[in-house]
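Peer 1: Predicted coordinates and the sequence they were generated for:
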Amino acid sequence: MKKLCSFFILILLFNNINIMAQNKAKILVLIHSDNGGTYELAKEIAKGIESEGNGVSYIKLVKASQNPKIKDLPIATVEELTEYNGIAFGSPVYFGNISTGMSEFLSKTVQLWTNHALEGIPATVFMSAGSGAGKELALQAFWNSLAVHGMILVSNGIRGTEDLNKAIPQGNSVLGITSMASLKDVERPTKGERYLAELQGKNFAKVTLALKDTHSKKTTAIVQNHRNFNEILKEKNIVLPQVPKPAGNYQPFVRSGNLVFINQVALRDGKIVNPGKLGVDVNEQQVKDATRLTMLNVISVLNEAVGGDLSRVKQCVQLTGIFNTKDDYTKHADLMNAASDLTVEVFGDKGKHARATLGASSIPVNSSVEIQAVFEVE
Ligand SMILES: Cc1cc2nc3c(=O)[nH]c(=O)nc-3n(C[C@H](O)[C@H](O)[C@H](O)COP(=O)(O)O)c2cc1C
């Protein structure tokens, strides 16, 4: 009898936990920030969301940052946007518009748009400005993009402004909170701006909770593909490394039309793996290991170029492997197979490519290998 009672109590507890989890609203606070001003507002927005009991906030960046204040924040992928019940978007004001970082991210959401994947999901916006010039134009521009997605735009109105210190300029706006970071009369965001940001988060969580599950969830093909790719990598025990930072005045990748161009060496955690010349400092196996690592770096950069959705890769067009070898070495093709095999393993037929290999008397940063890659993407 005692056992039966415990069993029922356990079932009740389990059901309660389930119901509690179901009542939560997952809200993404998605930001671009150069100097941390937008992040300061994001923290207040998140605080407001969390104050609403069942609101759970996740602050993420649209792209990696070197700024110590935010460099450890997670990076959002385009595909994960559909996993949230609401999204609060934050960006610096650039020339009366959203920042290029935010704009780049939004420009990768075309597939979500054509799949109606964000329709009916609540959105709110906030921005960090300098002087505040054009801040409302910028907020309005933000709304334009989100309106095209069919998101439900949640405004601030004049909520909370009665408590603002009107003796100093404040970044309140009916569309969303802003802060004017270059006005140094008082600390920015001001107490009032922080307060309004928190209020915006709280109100946004209320709306999101009320609308939760009212829109039909479009688990689009993209999301499915994205998961599949993650699963493929997991199954094959392939872990993509962190995208190596450029060591000079160049970009990790350049997209021209539908082609993406990438060059990488055997860097891992800022250090060259198995450096030097084949037959002098390293043997063939070590160069093959370095080649596989270099190709993983290439795929990691490619993943960034396609907004974290490797299913957008249509073809690996060409790989060029350059090896630090002695003058009489001839087995470059064997070395390069480490990269080619990995590419086919990850992308299947789409990974089959044209190829060139060559030897060099030296390679930058003493890497034993460099790979140049060209991919066609959607
Ligand atoms: C390219 C560029 C354009 C900018 N345009 C404006 C502007 O039109 N109005 C404004 O008030 N501030 C402008 N700023 C200043 C930023 O909006 C301001 O520094 C903001 O606080 C940066 O946000 P963050 O700290 O999150 O990076 C501009 C900054 C840059 C880099």
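Peer 2: In hand now; what should we look at?
Peer 1: Low-confidence bits of this protein, can you list those?
Peer 2: 1-22, 216-227 (pLDDT under 70).
Peer 1: can you give me the helices in it?
Peer 2: For the chain, applying DSSP state H gives helices covering 2-23, 37-51, 100-107, 110-114, 135-148, 191-211, 221-235, 284-305, 332-347.
Peer 1: Against which helices or strands is the longest strand along the chain packed?
Peer 2: Scanning the chain for the longest strand, with DSSP state E as the assignment, gives strand 313-324. Using 3 or more C-beta pairs under 8 Å, 6 or more residues apart in numbering; DSSP states H and E, the elements in contact with strand 313-324 are helix 284-305, helix 332-347, strand 354-360, strand 369-377. All C-beta spots, glycine's among them, are computed from the backbone N, C-alpha and C.
Peer 1: Now render these as JSON lines, adding distance to Leu175.
Peer 2: As requested, the helices and strands packed on strand 313-324 are exported to JSON lines (distance: least, C-beta to C-beta, whole Å):
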{"stretch": "helix 284-305", "distance to Leu175": "31"}
{"stretch": "helix 332-347", "distance to Leu175": "43"}
{"stretch": "strand 354-360", "distance to Leu175": "51"}
{"stretch": "strand 369-377", "distance to Leu175": "34"}
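Peer 1: how near is Ala88 to Leu211?
Peer 2: As judged by C-beta to C-beta, to the nearest Å, Ala88 and Leu211 stand 14 Å apart.
Peer 1: quick one, which of the two is more surrounded?
Peer 2: Comparing Ala88 with Leu211 by other C-beta atoms under 10 Å, the one with more neighbours is Ala88, at 31 against 17.
Peer 1: Burial check on the residue of the stretch 251-378 of the chain found nearest the ligand, number of neighbours?
Peer 2: Among the residues of the stretch 251-378 of the chain, Gln251 lies closest to the ligand, at 17.8 Å counting by C-beta to the nearest ligand atom. Look at Gln251: counted by other C-beta under 10 Å, it has 11 neighbours.
Peer 1: Over to Asn366?
Peer 2: Neighbours around Asn366, by other C-beta under 10 Å: 14.
Peer 1: circling back to that earlier point, out of the helices of the chain, which is closest to Ile371?
Peer 2: helix 284-305 (4.8 Å; C-beta to C-beta).
Peer 1: Closest residue of the stretch 151-300 of the chain to the ligand?
Peer 2: Ala181 (3.5 Å).
Peer 1: Now do that residue against Asn23, distance only.
Peer 2: In this view, Ala181 and Asn23 are 37 Å apart by C-beta to C-beta.
Peer 1: For those two, indicate the residue with more neighbours.
Peer 2: Legend: neighbour count by other C-beta under 10 Å for Ala181 and Asn23, higher for Ala181 (22 against 11).
Peer 1: Identify the residue spatially nearest to that one, adjacent ones excluded.
Peer 2: Spatial nearest neighbour of Ala181, chain neighbours left out: Gly37 (4.3 Å); criterion: C-beta to C-beta, 6 or more residues apart in numbering.
Peer 1: OK, contacts around that neighbour?
Peer 2: By C-beta atoms under 8 Å, 6 or more residues apart in numbering, Gly37 lies in contact with 92, 128, 179, 181, 188-189.
Peer 1: taking those one by one, which sit in strands?
Peer 2: Per DSSP E, those map to strands at 92, 128, 179.
Peer 1: who's in contact with Leu196?
Peer 2: 156, 159-161, 164, 170-172, 177.
Peer 1: one more time with 6 Å
Peer 2: Neighbour list for Leu196: 160, 172, 177 [criterion: C-beta atoms under 6 Å, 6 or more residues apart in numbering].
Peer 1: Format those as CSV; extra columns: distance to the ligand and neighbour count.
Peer 2: Putting the contacts of Leu196 into CSV (distance: C-beta to the nearest ligand atom, whole Å; neighbours: other C-beta atoms under 10 Å) gives the following:
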residue, distance to the ligand, neighbour count
Gly160, 21, 19
Asn172, 15, 22
Ile177, 13, 31
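Peer 1: Now the terminal residues of stretch 117-127, how far apart.
Peer 2: 25 Å (C-alpha to C-alpha, to the nearest Å).
Peer 1: right, I mislabeled it, should have said stretch 323-336
Peer 2: End-to-end for stretch 323-336, by C-alpha to C-alpha: 9 Å.
Peer 1: before we move on, what about stretch 234-251?
Peer 2: From its first residue to its last, stretch 234-251 covers 28 Å (C-alpha to C-alpha).
Peer 1: so how far is that stretch off the chain centroid?
Peer 2: Stretch 234-251 sits 14 Å away from the centroid of its parent chain (C-alpha atoms, centre = their mean, to the nearest Å).
Peer 1: buried ones in it?
Peer 2: 240, 243-244 (16 or more other C-beta atoms under 10 Å).
Peer 1: Turn the residues you listed into CSV, columns for distance to Lys202.
Peer 2: Formatted as CSV, the buried residues of stretch 234-251 follow (distance: C-beta to C-beta, whole Å):
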residue, distance to Lys202
Leu240, 37
Val243, 36
Pro244, 41
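Peer 1: wait, which of these is closest to Arg292?
Peer 2: Of all the buried residues of stretch 234-251, Arg292 sits closest to Leu240, with 12.5 Å by C-beta to C-beta.
Peer 1: ok so, going back, how big is the angle separating the longest strand of the chain from strand 354-360?
Peer 2: 20 degrees (axes from the mean of the first three to the mean of the last three C-alpha atoms, to 10 degrees).
Peer 1: buried stuff in strand 313-324?
Peer 2: Going by neighbour count (16+ other C-beta under 10 Å), the buried part of strand 313-324 is 313, 315-316, 319-324.
Peer 1: All set now, cheers.
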